[in-house]
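Novice: compute the structure for the input listed below.
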Amino acid sequence: FFFQAEDGIRDYKVTGVETCALPILATATAHDAQRSRLVVESGGHVWLFSLPDAGEVMPMPWLTRVPMTQRWYNGLVNVRGTLYGVIDLADFCGLGVTPRSTGSVFVMCGQRHGVNAGLLVRRIVGLRNAQEFQPHSDAMADKPWFTLVRDHEGRECRDINVAALMRTSEFMEIAVEKAA
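Specialist: Residues are numbered from 1 along each chain as shown. Here you go, the predicted structure:
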């Protein structure tokens, strides 16, 4: 993936199943974090996370399925002794199931907001400066936790408000009601 730096584009490769609290995330300064966005692709759309909200990013760990839950709730993962719920971002949004591949990653975005959960996404695109995006429209009525923005080339992206996502009842209600 690519990291847009002031001096040009730096190419970083993520290989194997090494923990990738990605080198670029680990070295980002507080100033960089406030003005940068982690860019991911999921469900055919480009999604943006503020760096503080993105938390840790890693290859998808071993998953334990949980019965009687929504399809988009993939199960639980154990990360250094702590359990985290895994939500398939694309499936949660009705965009289909994210195919598992070596590029699939787990964005542990709930920690900062007191929720042990994160989002499964298809792949990391890189980091971009927040100033490269302009508001395109307000939050959608049925998904008030993201806004549409456009980059300097006119491509539409979805800027996630992780705190708002974590507060939605839909996100928190993972159980499937048992048929009578």
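Novice: show me where this protein has its helices.
Specialist: Remark: helices assigned in the chain by DSSP state H are 23-27, 30-35, 51-54, 89-92, 162-167, 169-172.
Novice: could you tell me the least trusted of these?
Specialist: Comparing mean pLDDT over those, the weakest stretch is helix 23-27, at a mean of 50.
Novice: am I right that residue 106 is in contact with residue 77?
Specialist: Yes - between residue 106 and residue 77 there is a contact at 6.8 Å, judged by C-beta atoms under 8 Å. The way it works is simple: take the backbone N, C-alpha and C, and place the C-beta from them, glycine included.
Novice: list residues touching both of these two?
Specialist: 60-61, 84, 86 (C-beta atoms under 8 Å, 6 or more residues apart in numbering).
Novice: where in the chain is pLDDT low?
Specialist: Applying pLDDT under 70 to the chain picks out residues 1-34, 138-141, 179-180.
Novice: mind listing the strands in it by residue range?
Specialist: Using DSSP state E, the strands of the chain run over 2-5, 8-11, 36-42, 45-50, 56-59, 63-64, 73-79, 82-88, 105-108, 117-121, 123-129, 134-137, 146-150, 156-160.
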